[in-house]
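Engineer: Output the structure for:
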Amino acid sequence: MRRLLPPLLLAACVPTGTPSAPPEPVGPTFFDVTYPDIPPGTAALPPEPVNTPNPPLDRIIRTELALFHKGLHRNRTYYCVHPSGALEVITTVLPTGDPKLDEIVRETVATWTFKPATAAGKPTRACGKSEFNFRFE
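Structural biologist: Down below sits the predicted model:
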């Protein structure tokens with residue numbers, strides 16, 4: 001009997017460096033944050049995730065990496081949170097090696113919503129990265 005899909009373990013959007021991953025991720029790790037609209041050194045609070053779903057498993061398991069390449073694959077995606085909380089400038093900065101999987105991640109990130117970053121009590125643009133880890137076995 002032929003097996004159509006290999007066994008799969010997925011850890012997407014779980015913060016890297018977390019001692020133990022929660023069953024349901026609380027939100028993405030937003031790192032290397034910059035605030036392009038305020039002077040350097042100005043204190044700012046980062047954006048807060050409101051709705052940050054993981055990439056859909058039913059699409060991930062049909063990618064080339066899931067079907068044919070075992071091991072850990074990382075994706076880092078860069079994006080900016082507009083003062084309105086909407087996302088802009090979504091791009092892959094560390095690809096997994098599978099363009100389709102990277103596209104799925106970008107499409108998922110595009111659906112995310114945030115409370116905007118603030119500086120001096122006013123909403124401001126914040127840019128940074130989130131990391132996605134995929135382990136296929």
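
Engineer: Which parts of the chain are helices?
Structural biologist: Assigned by DSSP state H, the chain shows helices spanning 57-60, 64-68, 99-109.

Engineer: name the helices or strands packed onto the first one?
Structural biologist: Spelled out, that is helix 57-60. Contacts defined by 3 or more Cβ pairs under 8 Å, 6 or more residues apart in numbering; DSSP states H and E place helix 57-60 against strand 8-11, helix 99-109. For glycine as for every other residue, the C-beta is placed from the backbone atoms N, C-alpha and C.

Engineer: Give me the buried positions along the longest one.
Structural biologist: Neighbour-count burial for helix 99-109, counted by 16 or more other Cβ atoms under 10 Å, picks out 101-102, 104-106, 108-109.

Engineer: returning to what we had before: make TSV out of the helices and strands packed on helix 57-60 and add distance to Pro39 and mean pLDDT.
Structural biologist: Putting the helices and strands packed on helix 57-60 into TSV (distance: least, Cβ to Cβ, whole Å; pLDDT from 0 to 100) gives the following:
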stretch	distance to Pro39	mean pLDDT
strand 8-11	38	38
helix 99-109	28	97
